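Asks: Here's my sequence, what's the structure:
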Amino acid sequence: MKFGGSCLKNVNDFSTVADIICEEIEEKVVVLSGINGITDKLISFIRKKYKEEDIEKLISEVKHIHLNIVKGAVSRKEFYKMAKEKIEEKLKVLERLLYGVHYVGELTDKTRDLILSYGERLSVIVMESILNSRGAAAKAFEGDKIGIITDGNFGNATADLSLVERNLKKHILPFIERGFTPVITGFFGCDDEGRTTIFGRNGSDYSASVIAYALDADVVEIWKDVDGFMSADPKFVKEAYLLDSLSYDEAAELAYFGARILHPRTVEPLKLKKIPLKIRNLYRRDRGTLIHSIKKISKDSVVKSVAYKEEIGALKIYGAGVGSMLGVLGEITRYLSEENINIKSVITSQTCITLLLEKEDVEKSYRILKSKKIRTVERLEKIPGISLIGIVGNGILEYPGIAAKVFNAVAKRGINVEMFAAGASEVAFYFIVKQKYLRDAVESIHKVFFRGGKDNAKT
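Replies: Below you'll find the model as predicted:
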């Protein structure tokens, strides 16, 4: 059972989450994000130049937020006292870290990840105290202390599943067998030297699936403040409806396209052991999306969702034979990866290589490649103001006519498709339009495939 920060805002939320945990009579493991807003607060703090008095103010504020929740949700004094002591102990370490960064004047990736892990380290203490005060035996654990081993990539780590499985069966299973409910930090693990590494934003979802894999869970429940995946963004399409069921690959593609319901890599460990995942709404418990293995594909409902991603840009690299000359693309990707820039997609032709990038990386990528002498490259062009639209569904490449329907729909609105790609995924194809046409494009496509909503969805 994983609970995100949107479910952990105040005393009422923590009490509701504790109720849900206590109502579940099966053996369970709880994974928590930090209290809503805490990680963002830490991120914004370490990005700026701060004074000593700023550190004291931040620590005092964070302490007040956590103790206020403990005070409101824990009725027994002994558990309040224990939680208070643990929280203060953690905050002393965080305070020393912030002073260290201030005095040295440098923030390393290692220290950044360690600082950002404190939202989760504190939230599990809060939940542990609430559950224990209700008579439900609970014990808090920190991911880097129980062996959630990663590849050591600071800021965007990947778990070593075999090592995590071995470690968690050693450190966590005995507590479950003794009747305890483990409450484990999401969002981070550690490298093989014990250095804290985070999984990126929304990384607690990924943590939950890694832990589920390691402990052979029957099911993963990820609790949010939304119903689940939708056929389109309801902000764009008022007729959009909740998707009851998705395959692992469909959910992964929707997460990739920017659906912030899941961390993009959440389904990877679950798919390996065919562990189903349920998206649950804390405030509407009868709603949700089930993500699991889907063996049969219905030709009447191939297209599941029209997704999009706004924060992208493109960089075009022109030159005679640039798309076919041996090693050129390798040079380009190496230069960018050395600067921690992720290429989302590559489209090539004989005279042009187009890189699809995060919007914030376009300018930096342009400067990097401009400074290099790359064979046959004649000029670079930045393409701003674009958006990525994805059409997602199992079997989408198997049935003829789907792409034609999509392009006819956008053409009728006078929208030009800038770029198109298919084949990289078996469950999705995507194309690019000018950002100003994004809403119209999504609306028109949804109307073609989902006239009248769910009951009339068709290929």
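
Asks: make it CA atoms for all contacts and neighbour counts henceforth
Replies: OK.

Asks: The stretch 151-300 of the chain: strands as residue ranges?
Replies: For the stretch 151-300 of the chain, the strands defined by DSSP state E, counting those that start in this stretch cover 181-185, 188-190, 196-198, 220-224, 245-247, 277-281, 284-292.

Asks: Repeat that for the stretch 1-150 of the chain.
Replies: 2-3, 30-32, 138-141.

Asks: Of all those, which one comes closest to Lys224?
Replies: Comparing those against Lys224 with CA to CA, the closest turns out to be strand 2-3 (6.7 Å).

Asks: now the strands of the stretch 1-150 of the chain in TSV, with mean neighbour count?
Replies: Conversion of the strands of the stretch 1-150 of the chain to TSV gives the following (neighbours: other CA atoms under 10 Å):
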stretch	mean neighbour count
strand 2-3	26
strand 30-32	26
strand 138-141	21
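
Asks: rewinding a little: save the strands of the stretch 151-300 of the chain as TSV, and put in distance to Tyr430, mean neighbour count and mean pLDDT too.
Replies: Below are those laid out as TSV (distance: least, CA to CA, whole Å; neighbours: other CA atoms under 10 Å; pLDDT from 0 to 100):
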stretch	distance to Tyr430	mean neighbour count	mean pLDDT
strand 181-185	35	26	98
strand 188-190	31	31	98
strand 196-198	30	30	98
strand 220-224	27	24	96
strand 245-247	18	19	93
strand 277-281	25	22	96
strand 284-292	22	18	93
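
Asks: closest to Gly401 out of those strands?
Replies: Gly401 sits nearest to strand 245-247 of all the strands of the stretch 151-300 of the chain, at 22.1 Å, using CA to CA.

Asks: any idea how far Leu246 is from the nearest residue to Asp244 once chain neighbours are set aside?
Replies: Excluding its sequence neighbours, the residue lying closest to Asp244 (CA to CA, 6 or more residues apart in numbering) is Thr289, at 4.6 Å. Taking CA to CA, to the nearest Å as the measure, Thr289 and Leu246 are separated by 7 Å.

Asks: How about His292?
Replies: Applying CA to CA to His292 and Leu246 gives a distance of 7 Å.

Asks: Please enumerate the shared neighbours of these two.
Replies: By CA atoms under 8 Å, 6 or more residues apart in numbering, His292 and Leu246 have no common neighbours.

Asks: Low-confidence regions, the stretch 101-250 of the chain specifically.
Replies: For the stretch 101-250 of the chain, no stretch has pLDDT under 70.

Asks: how about the helices of it, start to end?
Replies: 109-116, 118-133, 161-171, 173-177, 203-215, 248-256 (DSSP state H, counting those that start in this stretch).

Asks: possible to save the ones you listed as a markdown table with distance to Phe449 and mean neighbour count?
Replies: Below are these laid out as a markdown table (distance: least, CA to CA, whole Å; neighbours: other CA atoms under 10 Å):
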| stretch | distance to Phe449 | mean neighbour count |
| --- | --- | --- |
| helix 109-116 | 42 | 20 |
| helix 118-133 | 41 | 25 |
| helix 161-171 | 39 | 16 |
| helix 173-177 | 47 | 14 |
| helix 203-215 | 30 | 26 |
| helix 248-256 | 17 | 23 |
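
Asks: Would you reformat the ones you listed as a markdown table and include distance to His102?
Replies: Below are these laid out as a markdown table (distance: least, CA to CA, whole Å):
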| stretch | distance to His102 |
| --- | --- |
| helix 109-116 | 12 |
| helix 118-133 | 18 |
| helix 161-171 | 34 |
| helix 173-177 | 40 |
| helix 203-215 | 27 |
| helix 248-256 | 36 |
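
Asks: in what helix or strand does Ala424 lie?
Replies: Ala424 belongs to no helix or strand when elements are defined using DSSP states H and E.

Asks: So what sits opposite the nearest residue to Ile294 once chain neighbours are set aside in the bridge?
Replies: Closest residue to Ile294 apart from its sequence neighbours, by CA to CA, 6+ apart: Ser247 at 5.5 Å. Ser247 has the following beta-bridge partners by DSSP bridges: His292.

Asks: what about Glu398, distance to Tyr318?
Replies: Counting by CA to CA, the gap from Glu398 to Tyr318 is 33 Å.

Asks: Any idea how far apart the tips of stretch 128-148 sit?
Replies: Its start and end residues considered, stretch 128-148 measures 20 Å (CA to CA).

Asks: brain fart, stretch 365-379
Replies: Using CA to CA, the two ends of stretch 365-379 sit 13 Å apart.

Asks: Just give me how far that stretch sits from the chain centre.
Replies: Relative to its parent chain, stretch 365-379 has a centroid offset of 32 Å by CA atoms, centre = their mean, to the nearest Å.

Asks: So Ala214 sits against Lys170, correct?
Replies: No: the pair Ala214 and Lys170 does not pass the contact test of CA atoms under 8 Å, sitting 10.4 Å apart.

Asks: Can you name the residues that contact Ala417?
Replies: Just to correct that, residue 417 is Val rather than Ala. Here Val417 is in contact with 407, 431-433 (CA under 8 Å, 6+ apart).
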